[in-house]
Each structure stands twice: as C-alpha cells, then as structure tokens.
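Colleague: For reference, the sequence and a predicted model appear below.
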Amino acid sequence: MDEQEKKKRKEKAYQDYVKTKTPVHNVYLNMAKAFVTGGTICVIGQFFMNFCKNAGCTEEISGTWTSLMLVLLSVLLTGWNLYPGIAKWGGAGALVPITGFANSVAAPAIEYKKEGQIFGIGCKIFTIAGPVILYGIVTSWGLGLIYYLLLKVGVIV
C-alpha cells in the first residue's frame, strides 16, 4: 500500500509538472495577431500595387512588381533577422503569404552560408521550401493530366 501511494504521488507530481511546462495558447489572440500581420502585409502589397499603377504600369506589370517587392522586403527582413520575430508574433499571417515563402528560402541560405556555396547554400537552401515546390509541381502535373483526360473523353467541353 505504501509503495502504491508513493507511485500515485509521483504520477501526480509529474502531471503537475507537465501542466506547468505545457504552453497554453489563446486561439483568439493568435487569430487576431495573424489577421493583423497578414493584413499589414496586404496593405504594403496594395501600396506597391497602387504606386506602380500610378506610375503608368498595367495591372499585370503592377502585380509582378508588387510580388517582387514583397519578396525583396521579406528577404531583407530575414537577412536583418527581423522576419523571424514577425513570424513568431504573427504566426500564419506572416508565413502563408509570398513573404513567408521567400523567408523559408532565404533563412537556410543565410544559416548555412558558412559551409560554403555548394555544400552550404546549394544543399540547404530548399530544405524548407523544397517540399512545397515539389508537391506543388506534382499536384499541378496530376491535375493537368486529369483535366486533359476529361477533355479527351468529352466530360469537359
């Protein structure tokens, strides 16, 4: 009986310890932070878009320049070690847009540059973004094949 009681106390102490160490997340606060972060990125993008349109660019060219400027801004913020803080605070609001993808490519390149151009940057640059690119290409190819077959069969006209 004494041994069982010790075991129960240990289990209770362990459960209390786990409870104190497990982070508690406020879902609504995290959603608000993601909304503000993503919204800020969109506002910056809209600024670039309006600037390009007012400079006389077409809609398509303005969109291209906007994407380029957002990627450049993201890479610069990653290089200055500011984007990780933004991503930590804003969560998915900073990681989902094109800026998050640029950050996921630039961060490993910066981290592994000390290992050289080939074995550092060349091998590690796509550690995070590589699977996204791979599955994006494979999924696009598969859906394109299905679309082509449906066209040939006559299901889609």
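Modeller: Nice, I can see it. Residues are numbered from 1 along each chain as shown.
Colleague: Quick check: which element contains Glu149?
Modeller: I think there's a mix-up here, since residue 149 is Leu and not Glu. Mapping Leu149 onto the secondary structure by DSSP states H and E places it in helix 129-153.
Colleague: Give me the packing partners of that helix, helices and strands only.
Modeller: Judged by 3 or more C-beta pairs under 8 Å, 6 or more residues apart in numbering; DSSP states H and E, the packing partners of helix 129-153 are helix 98-111. C-betas here are computed from N, CA, C, even on glycine.
Colleague: For the helix holding Leu149, what is the distance to the chain centroid?
Modeller: With C-alpha atoms, centre = their mean, to the nearest Å as the basis, the distance from the averaged C-alpha position of helix 129-153 to the chain average is 22 Å.
Colleague: May I see the buried residues of it?
Modeller: When burial is assessed from 16 or more other C-beta atoms under 10 Å, helix 129-153 yields the following buried residues: Ala129.
Colleague: could you point out where this protein is predicted with low confidence?
Modeller: Counting by pLDDT under 70, the ranges of the chain that qualify are 1.
Colleague: what secondary structure does His25 sit in?
Modeller: coil (DSSP: H, G, I helix; E, B strand; the rest coil).
Colleague: What separation do you get for it and Lys114?
Modeller: If you measure His25 against Lys114 using C-beta to C-beta, to the nearest Å, the figure is 35 Å.
Colleague: hang on, the earlier thing: got the angle for the helix holding Leu149 vs helix 98-111?
Modeller: Computed with axes from the mean of the first three to the mean of the last three C-alpha atoms, to 10 degrees, the direction of helix 129-153 lies at 140 degrees from that of helix 98-111.
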